[in-house]
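J.: Pasting the sequence and the predicted model now:
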Amino acid sequence: MPYFRPAEHLRRPSDFQRVYDRRRSVSDEWLIVYGCENGLPHLRLGLSVSRKYGPAVRRNPLRRLHREAFRLTKHELPAGLDLVLIPKTLKEPGLQDLIKALSKLVGQLAGRLAKEVKPP
């Protein structure tokens, strides 16, 4: 799909909490990615941009940048995961840097999740 569908959003606090409770994350210089299995045939994305980045007028462009990187890479990423992206630095990354980081980190995360059996 060329666009970011509503079904691909994580919106409820309980969804975010489920991802955090799974306690699986990977990171690099730009990004922290938390993830867990969702049992769906597609990825879902949540963004957590702290107020340390400034007021909403500074945070919202950062969210849009991360959503665009997700939109452009989701066809390459493994399906069936819920992801929460957290920017790691106050410096705003370029779109290409973010696309590279997202592809690499989600691949690492999927590998980690696939290796282990989900606890009951």
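T.: It's in.

J.: The spatially closest residue to R63 that is not a sequence neighbour: how many residues sit nearby?
T.: With sequence-adjacent residues excluded and distances taken as CB to CB, 6 or more residues apart in numbering, R63 is closest to L47, at 5.1 Å. From N, CA and C alone the C-beta is placed, and that goes for glycine too. As a burial measure, L47 scores 19 neighbours (other CB atoms under 10 Å).

J.: L47 is in contact with H66, isn't it?
T.: Yes - shown here, L47 and H66 form a contact pair, counting by CB atoms under 8 Å, at 5.6 Å.

J.: joint contacts of these two?
T.: Residues touching both L47 and H66 by CB atoms under 8 Å, 6 or more residues apart in numbering: L85.

J.: Check which residues of the biggest helix by length in the chain are buried.
T.: Using DSSP state H to define each element, the chain has its longest helix at helix 95-115. Buried positions in helix 95-115, judged by neighbour count with 16 or more other CB atoms under 10 Å: 98-102, 105-106, 108-110, 113.

J.: again, but for stretch 41-61
T.: Under the neighbour-count criterion of 16+ other CB under 10 Å, stretch 41-61 has 43-47, 49, 53, 59 buried.

J.: From the rest of the structure, what touches that stretch?
T.: Contacts for stretch 41-61 (CB under 8 Å, 6+ apart): 4, 7-11, 15-16, 19, 38, 62-63, 66-67, 70, 74, 77-87, 90, 92.

J.: tell me how far it is from the chain's mean position?
T.: 10 Å (CA atoms, centre = their mean, to the nearest Å).

J.: and that stretch, average pLDDT?
T.: Regarding stretch 41-61, the rounded mean pLDDT is 93.

J.: Equivalent analysis for stretch 6-26, please.
T.: The pLDDT scores in stretch 6-26 average 92.

J.: Many thanks, we can stop here.
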